[in-house]
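In: Dropping the sequence and predicted coords here.
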Amino acid sequence: MKHRMFLLSVLVAGAVQAENFWSNSDFEQGGEVPSGYTTPSGEPSMTRWDEPAASGSHSLGIVDTKSDTFANWVSDRVVLPQSAIGKTIQIKYKKLFNMADGYARLSVTFHDFSGKGMKDGGTHFKMEGAGEGWDSKKFMEATQTVNVPPHAVSMRIALVSAGGMKATGEVYIDDLEVLCECFVEIVG
Ligand SMILES: [Ca+2]
């Protein structure tokens, strides 16, 4: 029996595939703004969709020059794959930042069937001070995990320079993937 259980676990582990379900990951598609993103509040004039870039010629960026306001990029709500609900997903991205008097944040929020934000579904990844790679303008890779609440239907991602209203500085994100390791298919 022990032998059979071991064999089964090997087959399952070998079959798990991390799939990216986020579109426009490299931020290269769009018109006046990158496809799938808006600047719904704050100071849109401080948002950037240009270089520096880790891939191609665009990243999602903010140059916050004002200590009394902020800027943000907010994604559309994206319907979660059924198999991601209640599971852990990975947010993988490249970041370049130099923030003072506060921090910028990459925020992940989950929403219920009516589109309302869920109380237990907010995670903020802070970027404070000068990030590793800033001096050489090299984007650094980050991977963070988030738990998807059981009743979540959709999620969105926001890049915000409002980690404390006084925060100023620059922040850029590129190659953003949302990976779900829950498409289990036993092939053995
Ligand atoms: Ca890019």
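Out: Yep, it's here. Only a predicted model underlies this, so the values are computations on that prediction, with no experimental measurement involved.
In: buried stuff in stretch 28-48?
Out: Applying a neighbour-count criterion of 16 or more other Cβ atoms under 10 Å, one finds E28, P34, G36, Y37, T39, G42, E43, M46, T47, R48 buried in stretch 28-48. Placement of C-beta: from N, CA and C, glycine included.
In: Restricted to strands, list these.
Out: Among the buried residues of stretch 28-48, DSSP state E puts Y37, T47, R48 in strands.
In: Can you tell me which of those residues is nearest R156?
Out: Y37 (9.8 Å; Cβ to Cβ).
In: shouldn't that closest one be in contact with S59?
Out: No. Judged on Cβ atoms under 8 Å, Y37 makes no contact with S59 at a distance of 11.8 Å.
In: Enumerate the residues of this protein near the ion.
Out: D26, F27, A53, S55, G56, H58, D174 (Cβ under 5 Å from the ion).
In: what's the next secondary structure element after the longest strand that the chain contains?
Out: Criterion DSSP E: the longest strand present in the chain is strand 88-111. Next in sequence after strand 88-111, counting helices and strands by DSSP states H and E, comes strand 117-130.
In: got the buried residues for that following strand?
Out: In strand 117-130, counting by 16+ other Cβ under 10 Å, buried: M118, G121, F125, M127, E128.
In: One more: stretch 78-93?
Out: V78, L80, P81, A84, I85, I89, I91, K92, Y93.
In: contacts for it?
Out: 18-19, 21-23, 36, 106, 108, 110, 125, 141-150, 152-157, 173-184 (Cβ atoms under 8 Å, 6 or more residues apart in numbering).
In: Great, nothing more from me.
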